[in-house]
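1. The following block contains a protein sequence and its predicted model.
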Amino acid sequence: MVIRLPNAFPLGKDAEPVGSATLSGRESTMRTILFLLGFFVVMTGTFFGSAGRWDLPLAWVCLGVYAACMVLAQLLMDPELRRERMKPAPGGIDRQIRWVMLPFMLGYWVLAGLDIRWHGAEIIPPEWQLLGLAGSSASLGLALWALTQNRFFSPVVRIQTERGHHLITSGPYRLIRHPGGCGGSPRSPHHPGGPVSAP
C-alpha cells in the first residue's frame, strides 16, 4: 500500500520558480512552524509552571502525543487549508472565537498543573491515567482524521465559495456531523463543538 502525502512543501521539478510566490509560501510555512512551536512552549510552560515540577512522565507522554498530532496535521493537511487556517479569508461570524477561547485554553492547563501542585499526581490511580491518555489520543486521532478529509476545515464558520465549498461525506463525516468538534471535546472542556457534534 502506498500513502501519498499532499505536496505541502514542493521541491524539485514541481517547485515554483524563485520569486515572490515561492518566498510567500516559504514565509507562510515558517510562520506556521513558529506559531506551533510558540503554542507548544506556552502550553508546556503553563502546565509545568503551575505544577511546580517537571518529573511527570505521563504528562510528557501526553504532550508528546499532542505535538506528534500537530506535526502530522501539518504534513497531511491540504496546503490551501493550511493557509486558510492561519489566515482565514473574509467572512464568517465568529472570526474572534480563537482569541476568546485562548484564556480558557490556558486556564485549562493552569488548573491541571495546580491540581498536581496541591493534590499530587498520585491521587488518580495509574490505570485511570492510562485510560485517560488512551481516550485523549483517540480523540486527537478523530480530529486529525477529520482534518485530512475536510479541506474546508477552517477555524471560521463561513461558506468558502472561492474554494468551491461543498458537503464532505467521506471518512468520519459519513457517521458524525462534526467529527472535529467531537474529537476535541473529550480532551478540552472549553471546546464549543462538544454538545452539537454527535448526529
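-> Good, I have the coordinates. Computed from a predicted model, the values in this text were never measured in an experiment.
2. Could you use CA atoms for every contact and neighbour count after this?
-> Fine.
3. Can you tell me which helix or strand of the chain has the lowest average pLDDT?
-> Least confident element among the helices and strands of the chain, by mean pLDDT, DSSP states H and E: helix 20-51 (a mean of 77).
4. Show me what that helix is packed up against.
-> When contacts are defined as 3 or more Cα pairs under 8 Å, 6 or more residues apart in numbering; DSSP states H and E, helix 20-51 sits against helix 57-76, helix 97-119.
5. Let me know which of those is the nearest to residue 150.
-> Taking Cα to Cα as the criterion, residue 150 comes closest to helix 57-76 out of the helices and strands packed on helix 20-51, the separation being 11.2 Å.
6. And the closest one, what does it pack against?
-> helix 20-51, helix 126-149.
7. Let me have those helices in JSON lines, extended by distance to residue 92 and mean neighbour count.
-> Formatted as JSON lines, the entries for these read as follows, by distance: least, Cα to Cα, whole Å; neighbours: other Cα atoms under 10 Å:
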{"stretch": "helix 20-51", "distance to residue 92": "22", "mean neighbour count": "15"}
{"stretch": "helix 126-149", "distance to residue 92": "19", "mean neighbour count": "17"}
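8. Any chance of the ones you listed in a markdown table with distance to residue 59 as columns?
-> Output for those, formatted as a markdown table (distance: least, Cα to Cα, whole Å):
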| stretch | distance to residue 59 |
| --- | --- |
| helix 20-51 | 9 |
| helix 126-149 | 9 |
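9. mind listing what the spatially most central residue of the chain touches?
-> The structure's the chain has its C-alpha centroid closest to residue 70; by Cα atoms, centre = their mean the separation is 5.7 Å. If a contact means Cα atoms under 8 Å, 6 or more residues apart in numbering, then residue 70 has residue 36 as its contacts.
10. And the pLDDT for it?
-> For residue 70, the model assigns a pLDDT of 86.
11. What of residue 188?
-> Reading off the confidence values, residue 188 has pLDDT 53.
12. same check, this time on residue 172
-> 91.
13. how many neighbours does it have?
-> Number of residues near residue 172 (other Cα atoms under 10 Å) recorded here: 19.
14. how much space between it and residue 114?
-> Spatial separation of residue 172 from residue 114 under the definition Cα to Cα, to the nearest Å is 36 Å.
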